[in-house]
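*Asks:* sequence unknown, structure follows:
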């Protein structure tokens, strides 16, 4: 396996782990003063993937709230 494919696979696994453990935050009608992170899509089904194929998916994270969102510690599971 090429090094770039290996790194892509590792990144995909890390994002999948993040998505599985992330909990969606329900939308609020009034803007909150504290910063929060919103993950609209927490899972993605790749369906059938042939062996050796290179695949990827982007999970978008959104900062919501009135304050600056600071990510100080990331623990992939």
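*Replies:* Thanks, I have it. On a predicted model such as this, the values are computed, not experimentally measured, just so you know. Numbering: from 1, shown residues only.

*Asks:* can you list the low-confidence ranges for the chain?
*Replies:* 1-33, 77 (pLDDT under 70).

*Asks:* show me the helices in this structure, by range?
*Replies:* Here the chain has its helices, by DSSP state H, at 3-21.

*Asks:* what ranges do the strands span in it?
*Replies:* Taking DSSP state E as the test, the strands found in the chain are 36-38, 62-64.

*Asks:* tell me the strands beside the last one, with direction?
*Replies:* To tie it back to what came earlier, the one meant is strand 62-64. Strand 62-64 has its sheet partners listed here by DSSP bridges as strand 36-38 (antiparallel).

*Asks:* circling back: quick one: the strands of the chain as JSON lines, columns for distance to residue 55 and mean neighbour count too.
*Replies:* To be clear about C-beta, it is placed using only N, CA and C from the backbone, and glycine gets the same treatment. Conversion of the strands of the chain to JSON lines gives the following (distance: least, Cβ to Cβ, whole Å; neighbours: other Cβ atoms under 10 Å):
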{"stretch": "strand 36-38", "distance to residue 55": "25", "mean neighbour count": "14"}
{"stretch": "strand 62-64", "distance to residue 55": "24", "mean neighbour count": "13"}
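
*Asks:* so which of these is nearest residue 50?
*Replies:* Among these, strand 62-64 comes nearest to residue 50, with 32.9 Å by Cβ to Cβ.

*Asks:* can I get the strands of the chain in a markdown table with distance to residue 74?
*Replies:* Formatted as a markdown table, the strands of the chain follow (distance: least, Cβ to Cβ, whole Å):
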| stretch | distance to residue 74 |
| --- | --- |
| strand 36-38 | 11 |
| strand 62-64 | 15 |
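
*Asks:* which among the ones you listed is found nearest to residue 72?
*Replies:* Once these are compared by Cβ to Cβ, strand 36-38 is nearest, at 12.2 Å.
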